[in-house]
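Chemist: generate coordinates for the sequence data below:
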Amino acid sequence: MKKDNDNIERRALMTGMGVALAGLTVSSGAQAQGKKSGFEPARHDEDAWFDDKPSTHRVFIDSASTNGGTDAPRYAFNIMNSHITSYGGSDEDYSMIVCFRHMSTAFGYQDHLWEKYGEILVQRMMGYKDPATDAAPKKNLLNVASGPFSGATLDALTERGVRFAVCSAASRGLAGMIAGATGQDTDDVFAELGRGLIPNARFVPTGVTAATRSQEYGYSLLSAG
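Modeler: Modelled structure (predicted):
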C-alpha cells in the first residue's frame, strides 16, 4: 500500500511541476510578445516638416483619385469642425495635412496653372470637368465654395492651418505631358508647377512616401480614395 501511495505522490508532484513549467512558458511567451520591438524610424531632413506645427492631434489625409482629391478637403473640414463642436477644441489642436498625389495631384496647383494648362491636366484626371461649363476647368475648383462644404475651400482650410503635400514625382509626369503638348522643356514646366503650388503646400518626393513617413511621426492616416 505504501508503494502505491508513493507512486501517487510522485505522479502528483510531476503533474504539479508540469503545470508550473507550462505556466512559466506561457508567461515568458506573453512577456516576449508584449515587449516593444525597439524599432526607431530613421529621421531625414526632408521629413522634418512633419514636426513643424505643435499640436495635440495629427492627421494625414491621402488622396490618389479625382474623387478622392475633392473629398479630402471635406474630410479635413469635418474633422476639425467636429473637434470644435463636440470636443470643445480649436483648430490649433490639429496638425492636419492633405495630400494630393497620382490622379489628384493637379488639385495642388493655383488657378493660373489651371487656366493655362487645364485641358492637359484633365487628361490625367479621367475627364474631370467644370460642371458649370462641361469643359476642362480654367481654375482650381476646390476653391469654389458650394453647399454644406462652402467652408472647405483650399483657401479657407489654409487660413485654419491645414497644410498640403503635393506629389513631386506625379508633377514631373504632368510636366512631361505639358512639355510634349506645348513644345516646352520638361524641367522648365516642372519648375513652373513648383512655383504655382497652392498656399501652404509643398512638394514631397512622392505622395506614397509622405503617407508612410507621416505615420512614423505620429500621424493618423486617412485615405480619401
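
Chemist: can we go C-alpha only for contacts and neighbour counts from here?
Modeler: Noted.

Chemist: so where's the protein shaky on pLDDT?
Modeler: 1-37 (pLDDT under 70).

Chemist: the helices in it, which residues?
Modeler: In the chain, the segments counted as helices under DSSP state H are 2-34, 66-87, 111-121, 154-159, 168-182, 186-195, 207-216.

Chemist: alpha carbons of the shortest one, as PDB, please.
Modeler: Just to be clear, that refers to helix 154-159. Extracted C-alpha coordinates of helix 154-159, given in PDB (Å, rounded to 0.1, in the frame of the first residue of the first chain):
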ATOM      1  CA  LEU A 154      -8.500  75.300 -50.100                       C
ATOM      2  CA  ASP A 155      -8.100  79.000 -49.100                       C
ATOM      3  CA  ALA A 156     -10.400  78.600 -46.100                       C
ATOM      4  CA  LEU A 157      -8.600  75.500 -44.800                       C
ATOM      5  CA  THR A 158      -5.300  77.200 -45.300                       C
ATOM      6  CA  GLU A 159      -6.400  80.000 -43.000                       C
END
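
Chemist: other SSEs contacting it?
Modeler: Counting contacts by 3 or more Cα pairs under 8 Å, 6 or more residues apart in numbering; DSSP states H and E, helix 154-159 is packed against helix 66-87.

Chemist: from the contact counts, what lies against the helix it packs on?
Modeler: Short answer (3+ Cα pairs under 8 Å, 6+ apart): helix 66-87 packs on strand 57-63, strand 94-100, helix 154-159.

Chemist: just say which of those is most tucked in.
Modeler: strand 94-100 (a mean of 27; mean count of other Cα atoms under 10 Å).

Chemist: for it, name the packing helices and strands.
Modeler: strand 57-63, helix 66-87, strand 163-167, helix 207-216.

Chemist: just these: most buried one?
Modeler: Using mean count of other Cα under 10 Å, strand 163-167 ranks as the most buried of the helices and strands packed on strand 94-100, with a mean of 26.

Chemist: now do it: which elements does it pack against?
Modeler: Partner elements for strand 163-167 (3+ Cα pairs under 8 Å, 6+ apart): strand 94-100, strand 201-204, helix 207-216.

Chemist: who touches that strand?
Modeler: Outside of strand 163-167, the residues within contact range by Cα atoms under 8 Å, 6 or more residues apart in numbering are 96-102, 105, 108, 200-207, 210.

Chemist: pull the distance from stretch 77-86 to the chain's centre.
Modeler: Put simply, stretch 77-86 sits 18 Å off its chain's centre (Cα atoms, centre = their mean, to the nearest Å).

Chemist: re earlier: redo the helices and strands packed on helix 66-87 as JSON lines? Include distance to Ala170.
Modeler: Shown next, in JSON lines, are these (distance: least, Cα to Cα, whole Å):
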{"stretch": "strand 57-63", "distance to Ala170": "13"}
{"stretch": "strand 94-100", "distance to Ala170": "10"}
{"stretch": "helix 154-159", "distance to Ala170": "20"}
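
Chemist: which of those sits closest to Pro148?
Modeler: helix 154-159 (13.7 Å; Cα to Cα).
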